[in-house]
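[1] okay, sequence plus prediction incoming.
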There are 2 protein chains.
Amino acid sequence: MAKRRVSLKDLAAELNISISTVSRALKNHPEISPELTRKVQELARARNYTPNPLAMGLLRQETRMIGVIVPDLVTHFFSSVISGIEYVAKENGYYILISSSSESYEKEVESVKNLLNTRVEGLIVCLSQETRTFDHFDVLINNEIPLVFFDRVCRTDEVPSVVADNAEAARQVTRHFYENGCRRIAYINGPEQLSISKLRYEGYLQGLHDCRLPFDEELVARCNLSPEDASVATRKLLCLKNHPDAIFGINDTVIFAAMREIKQFGLNIPNDIALVGFTGEFHSTVVDPSLTAVTHPTFEMGQEAARLFFERIQHPTAPPQQIEMKTSLVIRNSSKKE
Amino acid sequence: MAKRRVSLKDLAAELNISISTVSRALKNHPEISPELTRKVQELARARNYTPNPLAMGLLRQETRMIGVIVPDLVTHFFSSVISGIEYVAKENGYYILISSSSESYEKEVESVKNLLNTRVEGLIVCLSQETRTFDHFDVLINNEIPLVFFDRVCRTDEVPSVVADNAEAARQVTRHFYENGCRRIAYINGPEQLSISKLRYEGYLQGLHDCRLPFDEELVARCNLSPEDASVATRKLLCLKNHPDAIFGINDTVIFAAMREIKQFGLNIPNDIALVGFTGEFHSTVVDPSLTAVTHPTFEMGQEAARLFFERIQHPTAPPQQIEMKTSLVIRNSSKKE
DNA sequence: TGATACTTCGCAAAGCTTTGCACGACCAAA
DNA sequence: TTTGGTCGTGCAAAGCTTTGCGAAGTATCA
């Protein structure tokens, strides 16, 4: 057990004055005489006094903590967003409590409950891929507890959120493929309930339409976001009697898995199959061929999410904003046919 | 401002009984009659009562929070270790407060101070690469506040720690190079003050000695752990009149930067230069050629660190353990000369 | 009926901080 | 001498929970 830290009471006892006087002296209250103020502040420094946040929290009903729930901590996208959240939180004197849902609905529900019990002042959440119902956020919404979603969102009419320009980005990717001579453009999608899946899929469709390419159902594969499942989905595409000449993957996990699969299949990237991913990873540049990718401003997404959160703290009932972050298509070698 | 949550006082008022009775009823105290107990518990459930951790913290002098300080959140190694810490923390009903030092000594000192002021029960730390002095941990040690280091450690005679078998792993890498025909084996080291730099360097030297290879000072480059600096270090090696035929990089950031640099230089991996990294990344398999690497059990390192932490909570003055985790050299294509 | 023994509960303190209000002391004016 | 004011400080409550101890009430026994 760590020793008790010094409290106002300790200082008061040592100086033979009351606790309230110490408290006031420390914040330079004008009603306390200058010498006493000086004496108190000196002692406080010497004893290394800092106010107890638990007591303050109890008094002010605030904990200066933000709960953050992400599907996992390890994926570059999430750790980078968290980094952005942490940055803004720190600026505001807040800490973040991180909980990983492991892409599990149940754990997500559990995390919401536990974090609220810990009295965080609100939550910043990216939904798990299993999550199809959203009642576990009712408590937050009904009680006006700040809540912000990012990337994988829901209930955007009630909850502020930060997302990428998913549809537009996917549309551009499709057109980029077309301009590079691809005609059978495949798309590996994520779970249908995820907002990013829907929107990127829509963008893909729009892109096809822009280029007057026919929609071919067999060119759309679906997977959960694990590397294994992505590999399966890729193989399915590769085994078509007429395999695609381009594959667009919903995120980096998927596209890296696809890349490996295609190589093992003995096909050339980009000549046999062009490849574009949706990612923010620096690894795009280190794979071979280097990966053309829609690049997220991940750190900035985290910052925006945190800003939205603090706005929410200020104005809990303001109409929810949705911030759409501009992505950019960084063209590298995986999509340039010779 | 979020509404106040229900407290014992609210429940007591609603039932017209005293707070203490409610408190006891909720924990099935035998002195409370069965019916009253039932009634109280029902109401508590209905009103969604959970004890206020601030009040409990104040009372018991515990916050059930662990401060975690890492150089950054984004690198796979750290996010994966954090993941392991979080896992064990959750098992024990603890949360982690994460603070990033951004590889800065000052921010590390700041983080230690701030986290302690937040009344975390202790700290799990990986030193920043700038850190050369360690007085900022005195407060913890003198006050018996639990502290655990991982990976980049110091004061191991006083503080428990979790590290990889750095020297042994580096030695094996060097021998592996030798067995694959490499004779001019270079090493890109990190900042000298880091324990991992020292130990891996020692292992490298031992490996050379084992293989009766001469030590050549110009084959040792140093960099801070940024990709940019790693690139510079690599170029220096490549520009030697007699460039190395193997490069061993202290971590993944370094080795991926080196890989890129070598390719740009027009040299072939592994035939011109073999490459081995020190990493836990799944990306090793997706780069081309796939990267031979010393693989850390990163998640497990986090778990061990957390376990050590909880032991420390139990026995703050027990002699500090140092846990050395076994790494394994996973041989892929980047080190196989034809 | 009075005393004893349980059963069932409430009071209050501790853990820490802030802050409105009151109180004592001292001085000046009436 | 009394009143009114100013200045410096302390009291106490609130925010929430746990728990030792005391008290009220009921039942049992002599």
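    In hand now; what should we look at? Numbering: from 1, shown residues only, chains lettered A, B, ... in the order given.
[2] could you pull out the helices for the stretch 51-200 of chain A?
    Listed in chain order, the helices of the stretch 51-200 of chain A (DSSP state H, counting those that start in this stretch) span residues A:53-60, A:76-91, A:105-117, A:138-142, A:166-179, A:195-210.
[3] next: the stretch 201-338 of chain A.
    Counting by DSSP H, counting those that start in this stretch, the helices of the stretch 201-338 of chain A are A:227-238, A:252-264, A:298-314.
[4] state the distance from the residue in the stretch 151-300 of chain A positioned nearest to DNA strand D to chain B.
    When scored by CB to the nearest atom of the strand, the stretch 151-300 of chain A has A:Val159 as its residue closest to DNA strand D, at 25.6 Å. (Each C-beta comes from the backbone N, C-alpha and C, glycine too.) Note on A:Val159: its distance to chain B, by CB to the nearest CB, to the nearest Å, is 15 Å.
[5] for A:Ala55, same thing?
    Plainly put, A:Ala55 is 6 Å away from chain B if you go by CB to the nearest CB.
[6] pull the contacting residues for that residue.
    By CB atoms under 8 Å, 6 or more residues apart in numbering or on different chains, the contact list for A:Ala55 reads B:Leu58.
[7] how far away is whatever residue of the stretch 201-338 of chain A ends up closest to DNA strand C from DNA strand D?
    Closest to DNA strand C within the stretch 201-338 of chain A is A:Ile313: 18.3 Å, counting by CB to the nearest atom of the strand. Separation of A:Ile313 from DNA strand D (CB to the nearest atom of the strand, to the nearest Å): 18 Å.
[8] for A:Ile145, same thing?
    15 Å.
[9] follow-up on the earlier one: give me the neighbour count for the residue of the stretch 151-300 of chain A closest to DNA strand D.
    When neighbours are defined as other CB atoms under 10 Å in any protein chain shown, A:Val159 has 23 of them.
[10] and A:Tyr95, by the same measure?
    Neighbour count for A:Tyr95, taken as other CB under 10 Å: 24.
[11] what sits against it?
    Shown in contact with A:Tyr95 (CB under 8 Å, 6+ apart): A:Arg64, A:Met65, A:Ile66, A:Ala89, B:Leu97, B:Ser99, B:Thr118.
[12] can you tell me the closest non-neighbouring residue to the fourth one?
    Read it as A:Ala89. The shortest distance from A:Ala89 to any non-neighbouring residue, by CB to CB, 6 or more residues apart in numbering or on different chains, is to A:Ile96 (5.2 Å).
[13] what bridges to the one you found?
    Going by DSSP bridges, A:Ile96 is paired in beta bridges with A:Ile66.
[14] neighbours of it, how many?
    A:Ile96, neighbours per other CB under 10 Å, totals 22.
[15] likewise for A:Thr292?
    So A:Thr292, with other CB under 10 Å, has 26 neighbours.
[16] so it makes contact with A:Lys337?
    No - in this structure, A:Thr292 is not within contact of A:Lys337 by CB atoms under 8 Å, at 11.6 Å.
[17] name the residues contacting each of those two.
    A:Ala274.
[18] one step back: any chance of the contacts of A:Tyr95 in JSON lines, with neighbour count, pLDDT and distance to A:Thr133 too?
    Shown next, in JSON lines, are these (neighbours: other CB atoms under 10 Å in any protein chain shown; pLDDT from 0 to 100; distance: CB to CB, whole Å):
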{"residue": "A:Arg64", "neighbour count": "16", "pLDDT": "94", "distance to A:Thr133": "31"}
{"residue": "A:Met65", "neighbour count": "23", "pLDDT": "95", "distance to A:Thr133": "27"}
{"residue": "A:Ile66", "neighbour count": "28", "pLDDT": "97", "distance to A:Thr133": "24"}
{"residue": "A:Ala89", "neighbour count": "24", "pLDDT": "96", "distance to A:Thr133": "29"}
{"residue": "B:Leu97", "neighbour count": "21", "pLDDT": "95", "distance to A:Thr133": "31"}
{"residue": "B:Ser99", "neighbour count": "27", "pLDDT": "95", "distance to A:Thr133": "34"}
{"residue": "B:Thr118", "neighbour count": "20", "pLDDT": "92", "distance to A:Thr133": "35"}
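[19] wait, doesn't A:Asp165 sit right on A:Thr327?
    Yes - at 5.8 Å, A:Asp165 counts as touching A:Thr327 under the criterion of CB under 8 Å.
[20] neighbour-wise, which of those two wins?
    Counted by other CB under 10 Å, A:Asp165 and A:Thr327 do not tie: A:Thr327 has more neighbours, with 22 against 17.
[21] roughly how far does that one sit from A:Pro160?
    Distance, A:Thr327 to A:Pro160, using CB to CB, to the nearest Å: 20 Å.
[22] and what of A:Phe299?
    Noted for A:Phe299: a distance of 19 Å to A:Pro160, by CB to CB.
[23] which of the two has more residues huddled nearby?
    A:Pro160 (25 against 17).
[24] where does the stretch 201-338 of chain A have low pLDDT?
    Applying pLDDT under 70 to the stretch 201-338 of chain A picks out residues A:280-282.
[25] residues near A:Gln322, how many?
    Count around A:Gln322 with other CB under 10 Å applied: 14.
[26] wait, it sits on A:Pro160?
    Yes - using CB under 8 Å, A:Gln322 makes contact with A:Pro160 at a distance of 6.8 Å.
[27] can you tell me what sits against the one helix or strand A:Ser23 maps to?
    For A:Ser23, the element it lies in under DSSP states H and E is helix A:19-26. Applying CB under 8 Å, 6+ apart, the external contacts of helix A:19-26 come out as A:8-9, A:11-12, A:15, A:31-32, A:36-37, A:39-41, A:44, A:49.
[28] give me the nearest residue to A:Val88, chain neighbours excluded.
    In this structure, A:Val88 finds its nearest non-sequential neighbour in A:Ala306, 3.5 Å apart by CB to CB, 6+ apart.
[29] hmm, A:Leu213 is touching A:Tyr178, no?
    Yes - the criterion here is CB under 8 Å, and A:Leu213 meets it with A:Tyr178 at 6.7 Å.
[30] which residues do the two both contact?
    With CB under 8 Å, 6+ apart, A:Leu213 and A:Tyr178 have common neighbours A:Ile185.
[31] could you point out which element follows the helix holding A:Ser23?
    helix A:34-47.
[32] which strands or helices does that next one pack on?
    helix A:8-15, helix A:19-26 (3 or more CB pairs under 8 Å, 6 or more residues apart in numbering or on different chains; DSSP states H and E).
[33] how far away is whichever residue of the stretch 151-300 of chain A sits closest to DNA strand C from chain B?
    Going by CB to the nearest atom of the strand, DNA strand C is nearest to A:Pro160 of the stretch 151-300 of chain A, at 29.7 Å. Here A:Pro160 is placed at a distance of 16 Å from chain B (CB to the nearest CB).
[34] and what of A:His176?
    Distance, A:His176 to chain B, by CB to the nearest CB: 22 Å.
[35] wait, what's in contact with the residue of chain A at minimum distance from chain B?
    Per CB to the nearest CB, A:Asp288 is where chain A lies closest to chain B, at 3.1 Å. Counting by CB under 8 Å, 6+ apart, A:Asp288 touches B:Lys263, B:Val287, B:Asp288, B:Pro289.
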